[in-house]
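# Could you work out the structure for the sequence below:
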Amino acid sequence: MSAPSGMFVTTGSFRTHYIEDGAGDPVILLHGGGAGADSVSNWRDCLPLFAKRRRAIAVDMVGFGRSDKPGPDGFTYSQQSRNSQIVAFIEALGLERVSIVGNSMGGATALGVAMTRPDLVANLVLMGSAGVPHDGPPNPALAPLMNYDFTPEGMRRIIEVLANPDYRASDDQVRYRYELSAQPDTRAAYGRSWDGSGRTASATPTTTSGGSPRAHWW
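Numbering: from 1, shown residues only. Just a heads-up that it's a prediction; the model follows:
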């Protein structure tokens, strides 16, 4: 899987990598928290479709893809950290009000940004979103994510769990995500991004007062 040429912007104490296409009103695409996730693997095929009408921007969350991966001993991989990253990203690009499409962990981040900085968000689209409190046992279907063994076979099992039942990942996509996930700094960050209960760490956004963007769920 070839990676489109991307760009970097400083977001607080680290750099954030992103790819983009198109022009017009901005839409920011946020990937989920599965091992090997990033802007390329999750959004590469969608980007040209969004770009027909929008400036489509796919972001690598902190600890994922080509974005920086601060050492876990000096950085907290929490939902608040991800919310702050995307707020800083929007401001660094000089954007005013954006639409955000968030998948899973990216959905929780989209919610967090909208609740902490509603002035920056016009629309939300949430896909299989995290962010709703859940105190029960983890869903057994998440076992491949929680018990990822950092092998190509383990990566294929993760993709099978996360994708539509009819989706068949190519060997190229499995290899791309596996190689990303196996990098030592990515692996360390991934270990701190899960809280041991089947949820990404601190997955519930903190609410605040303010205006509300329009939200769409599927």
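
# Span of stretch 70-87 from start to end?
Across stretch 70-87, the terminal residues are separated by 18 Å (C-alpha to C-alpha, to the nearest Å).

# how much space is there between Arg117 and Ile158?
Look at Arg117 and Ile158: by C-beta to C-beta, to the nearest Å, they are 31 Å apart. The C-beta positions use only the backbone N, C-alpha and C, and glycine is treated the same way.

# Between these two, tell me which one has more neighbours.
Neighbours around Arg117 and Ile158, counted as other C-beta atoms under 10 Å, are more numerous at Ile158. The numbers are 23 against 17.

# Contacts made by the helix or strand the more buried one falls within with the rest, please.
Secondary structure here is read from DSSP states H and E; on that basis Ile158 sits in helix 152-162. By C-beta atoms under 8 Å, 6 or more residues apart in numbering, the residues outside helix 152-162 that reach it are 32, 34-36, 104, 141-142, 144-145, 148, 167, 169, 173-175, 177-178, 181.

# Can you turn the buried part of those into a ChimeraX selection?
With 16 or more other C-beta atoms under 10 Å as the burial test, the buried ones among the contacts of helix 152-162 are selected in ChimeraX as follows:
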select :32,34,35,36,104,142,144,145,148,169,173,174,175,177,178,181
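
# Okay, and which of the contacts of helix 152-162 map to helices?
When DSSP state H defines the helices, the subset of the contacts of helix 152-162 inside them is 144-145, 173-175, 177-178, 181.

# Which of those sits closest to Gln80?
For these, the minimum distance to Gln80 (C-beta to C-beta) is 21.5 Å, reached by Leu145.

# Okay, the closest one and Asn103: tell me how far apart.
Taking C-beta to C-beta as the measure, Leu145 and Asn103 are separated by 14 Å.
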